[in-house]
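Enquirer: 3D, please:
(one chain, ligands or ions: 1)
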Amino acid sequence: MLTLLVTNSLRLLRDYMAEQVERQAAQIGPVLIAALVAPLAQRDYATVQAVLDESRAEHGIDYLVVVDAGGKTAASSGWGRDTQLPEADARFELIGQDGLARYDVVRPVTLAGQKLGTLHFGLDLAQIVAARRALLTQGVVIAVGELMMSIGLLTLLGYWLTRHLAALTRASEAVAAGNLTPAPVAEGDDDIGRLGAAFNAMSRAVSERIGDLTDARDAQSKLIAAVEQEHARMLSLLAAMDIGVLLVDPAQLVVYENPAYRRIWRIAGDATVVGRSWAEVFAAAGVGVRNAEPWRQSLAAANEQFEMMLDDERIVSQRFHAVNDLAGQPLGRLWLFEDVTEDRRLAQQLLAAKEAAEAGQRAKAMFLATMSHEIRTPMNGIIGMTDLALMTELNDEQSEYLRWVKSSAESLLTVLNDVLDFSKIDAGRLEMELVPFAPQDLLDEITGIYSSIAAQKGLVLDWRVTGNLPQRLVGDPARLRQVLTNLVSNALKFTEHGSVSISVNAEGIPTNGRQWIGFAVTDTGIGIAQDKLDHIFSPFSQADSSTTRRFGGTGLGLAIAARLVQLMGSQLAVDSEPGRGSTFHFGVIFSIVEANPNPVATPLPVAAAIAEARPVGRILLVEDTPVNQRLGQALLGKRGYQVSLAADGLEALAAFDRERFDLILMDMQMPNMDGLEATRRIRAREVAGERRIPIIALTANAMQSDRDLCQAAGMDDFVAKPFRADEMFAVIEKYLTAAG
Ligand code: ADP
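Expert: Numbering: from 1, shown residues only. From the prediction side, this is the model:
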């Protein structure tokens, strides 16, 4: 547009200029011609010259030349006389053909139709050219300026219009470059603003998502680290284990083995195990299995545990467990191998030691049984015969001696019983009986036995009850008697003045048919020093070794009493003050027997027992020791029984076949055939439906195991030697009365 404008202006300017110049030429030509006609006609060339000079100066004409009719230059101003005159321009040209900015005009000078000459003049166009150039230059400058301005404005406008897009682009580029949380871009109501809002929303969503992902990734990396740590821990644990571990997948290929596995199976350092079949791995082990066949059978039977003997004498225990993943899918089998050689060796040693100890124990028990039997048999003779001798006509001296014999024998028997009891308790072989008994009778009996000793020492011996003592209790009266007897005899032994009393505390309220009953034996004797109190319950200990000589005793009595009380479920305790006396006490829970169907038999003195009239009967006494044969015959005969004798089991069988007896008293240990065998045979011969003959064991074998043996052989009861006559009669008459 600008170019068009400028071009048009230039054209108009040129046209206007041309018009002006042509008009000037048209005006100047006639004026000059008018002024020249006269001088020229007169050939007054000086005037012509003057006119030319004047006109040139006046009208700004480039040159003026007048040529006369003869073609000679009459006058010239601004043009050389000899210079060739230019042709007249046919039309207006800013730059003529001669390349000059000049308008050449030629006019004839005529007078009355006669040509006087020719006027040549040139109008200077330099100003017009300059004006045109200036116009052009200005136009170009303006055009360039406008162009520059337009470019600048358009650039600014473009920048302004696209600044949001640029921000968006930058943000997108930032995202592309890895900055996933770019600064928010401008938002607005226009399209770009909405695009910005959408971009921001997207950016927020992306950043949230990235946050989530980062958290998840962090958690995952923590998890991975934890798992790796756990894995490392597991591996070091497995590596440190003494137990060989082998994990085999379901395809029987080894997945893992630990160092202990390699050690146990002596697998070469470079041999690979993982990835091979386990059978192959076993085959390649550096040591073979000695009991291979049973091992294979155990594998075939899928036994989960097996002990292998290896070629190098080691014993390896093998176990396996099925291993499942969390979803319960089988992962394979975990084999565990443990070198148990040392354990087994120790166990064997232990077993050997235990067997040796048991053999020792058996030998001890055997020794005790033998000793007990061997001592009891003559003791039976001594006590029984002394009893019998005491019943004969004796002078005072003889009967005193015999009473001493009897008392010594009984002391000896006490010691013997103590030692036996103690070893039985020690071996854990003493069992408590649970039978009904009358506690009052028991207490009467004990005080009765010791009343004479107390009277001799001038001491008071009594028993008293507080509360309501039941008529009958269930317990082990023999053991209770033993404990109380022991305490009372000790009290009497260690008391010189005052009293010994048994207190029974029955104040407790019976619950569920059971009642706690406390027993205390109190004396006013020498007492026991505080520092000795703890020891007196230990076996073979005495408070004062000097008392041994003064009072006698083995130091076993309290140890046995304490253990018996323990077996009754209680604790024997003592309160004592030297010089003031002692109290031994304990409490036992007994079951109470409501009714009182069988009065408890009280033992009678021998003479009295024999003197009482009893039903007669035929008794077979099977006994090998002559003194006991004689004793039995004498005691039973005096009681009124008919007695037959058999010296061993064989004779007893013969007698059983030959005669009819009401009862058999059977010794256990006899030559030829012992009492157990004889009993078994008699029981075998008995005809069904006929009366079964009571067989009572009469034996010095005083252990519980002996009682059990007797019962198993078919015997009905048991009397231990040395027996008291009344005890024996009580047992015999239990059966004969029942029979009669
Ligand atoms: P021992 O057969 O020697 O009497 P015990 O085991 O019965 O053995 O008693 C151990 C010791 O306890 C006795 O030697 C005696 O020193 C002491 N002792 C026991 N009972 C009494 C008591 N009632 N008074 C004083 N000392 C006693």
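Enquirer: Residue 95 reaches residue 132, doesn't it?
Expert: No: contact criterion CB atoms under 8 Å: residue 95 and residue 132 do not qualify, at 10.5 Å. Placement of C-beta: from N, CA and C, glycine included.
Enquirer: Show me which of the two is the more surrounded one.
Expert: residue 132 (18 against 11; other CB atoms under 10 Å).
Enquirer: For that one, pull up the helix or strand it's in.
Expert: Assigned by DSSP states H and E, residue 132 belongs to helix 126-177.
Enquirer: so where's the longest strand in the chain?
Expert: strand 581-593 (DSSP state E).
Enquirer: Could I get the average pLDDT for that strand?
Expert: The average pLDDT within strand 581-593 is 92.
Enquirer: Show me what it is packed against.
Expert: When contacts are defined as 3 or more CB pairs under 8 Å, 6 or more residues apart in numbering; DSSP states H and E, strand 581-593 packs onto strand 472-475, helix 477-493, strand 514-523, helix 557-567, strand 573-577.
Enquirer: so how far is stretch 450-465 off the chain centroid?
Expert: 68 Å (CA atoms, centre = their mean, to the nearest Å).
Enquirer: Hmm, I typed the wrong one, I wanted stretch 45-59.
Expert: With CA atoms, centre = their mean, you get 139 Å for stretch 45-59.
Enquirer: quick one: contacts of that stretch?
Expert: For stretch 45-59, the surrounding residues in contact (CB atoms under 8 Å, 6 or more residues apart in numbering) are 24, 28, 31-32, 35-36, 38-40, 61, 63-66, 74-78.
Enquirer: Same check on stretch 622-637?
Expert: So stretch 622-637 is in contact with 377-378, 380-381, 384-385, 388, 610, 619, 621, 643, 645-649, 651-652, 664-667, 669-671, 675, 678, 698, 721, 725, 728, going by CB under 8 Å, 6+ apart.
Enquirer: follow-up on the earlier one: what's the ChimeraX line that selects buried ones from the contacts of stretch 45-59?
Expert: The buried residues among the contacts of stretch 45-59 can be selected in ChimeraX (16 or more other CB atoms under 10 Å) with this line:
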select :24,28,32,35,36,39,40,61,63,64,65,66,74,75,76,77,78
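Enquirer: ok, and for stretch 575-590, which residues are buried?
Expert: So for stretch 575-590, counting by 16+ other CB under 10 Å, buried means 576, 581-590.
Enquirer: just stretch 667-677 next, same as before
Expert: 667-670, 673-677.
Enquirer: C-alpha coordinates for it, PDB please?
Expert: Only the C-alpha atoms of stretch 667-677 are listed here, as PDB (Å, rounded to 0.1, in the frame of the first residue of the first chain):
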ATOM      1  CA  ASP A 667       6.500-120.400 104.600                       C
ATOM      2  CA  MET A 668       7.700-118.800 101.400                       C
ATOM      3  CA  GLN A 669      11.400-119.800 101.100                       C
ATOM      4  CA  MET A 670      11.900-123.500 101.500                       C
ATOM      5  CA  PRO A 671      14.100-126.100  99.900                       C
ATOM      6  CA  ASN A 672      12.800-128.500  97.100                       C
ATOM      7  CA  MET A 673       9.700-126.500  96.500                       C
ATOM      8  CA  ASP A 674       9.000-123.000  97.800                       C
ATOM      9  CA  GLY A 675       5.700-121.800  99.200                       C
ATOM     10  CA  LEU A 676       4.600-119.900  96.100                       C
ATOM     11  CA  GLU A 677       4.900-122.900  93.800                       C
END
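Enquirer: who's in contact with that stretch?
Expert: 373, 622-625, 628, 647-650, 652-653, 666, 697-701, 706, 709-710, 713, 715.
Enquirer: So which of the buried residues of stretch 667-677 are in helices?
Expert: 675-677 (DSSP state H).
Enquirer: ok, which stretches of the stretch 151-300 of the chain are helices?
Expert: In the stretch 151-300 of the chain, the segments counted as helices under DSSP state H, counting those that start in this stretch are 191-240, 259-264, 278-283, 292-300.
Enquirer: Out of those helices, which is closest to the ligand?
Expert: In terms of CB to the nearest ligand atom, the element of those nearest to the ligand is helix 191-240, at 57.0 Å.
Enquirer: for the stretch 551-700 of the chain, what spans make up the strands?
Expert: According to DSSP state E, counting those that start in this stretch, the stretch 551-700 of the chain carries its strands in the segments 573-577, 581-593, 618-622, 642-646, 663-666, 695-699.
Enquirer: any chance of those strands in a markdown table, with distance to the ligand too?
Expert: Output for the strands of the stretch 551-700 of the chain, formatted as a markdown table (distance: least, CB to the nearest ligand atom, whole Å):
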| stretch | distance to the ligand |
| --- | --- |
| strand 573-577 | 7 |
| strand 581-593 | 4 |
| strand 618-622 | 36 |
| strand 642-646 | 39 |
| strand 663-666 | 34 |
| strand 695-699 | 28 |
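Enquirer: ok, back up a step: how about the helices and strands packed on strand 581-593 in TSV, adding mean pLDDT?
Expert: Listed next are these as TSV, based on pLDDT from 0 to 100:
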stretch	mean pLDDT
strand 472-475	90
helix 477-493	91
strand 514-523	94
helix 557-567	89
strand 573-577	92
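Enquirer: Residue 692: how many residues sit nearby?
Expert: 11.
Enquirer: could you check the distance from it over to the ligand?
Expert: Here the criterion is CB to the nearest ligand atom, to the nearest Å. By it, residue 692 lies 45 Å from the ligand.
Enquirer: ok, back up a step: can I get the helices and strands packed on strand 581-593 in JSON lines with distance to residue 247?
Expert: Below are the helices and strands packed on strand 581-593 laid out as JSON lines (distance: least, CB to CB, whole Å):
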{"stretch": "strand 472-475", "distance to residue 247": "63"}
{"stretch": "helix 477-493", "distance to residue 247": "63"}
{"stretch": "strand 514-523", "distance to residue 247": "61"}
{"stretch": "helix 557-567", "distance to residue 247": "55"}
{"stretch": "strand 573-577", "distance to residue 247": "63"}
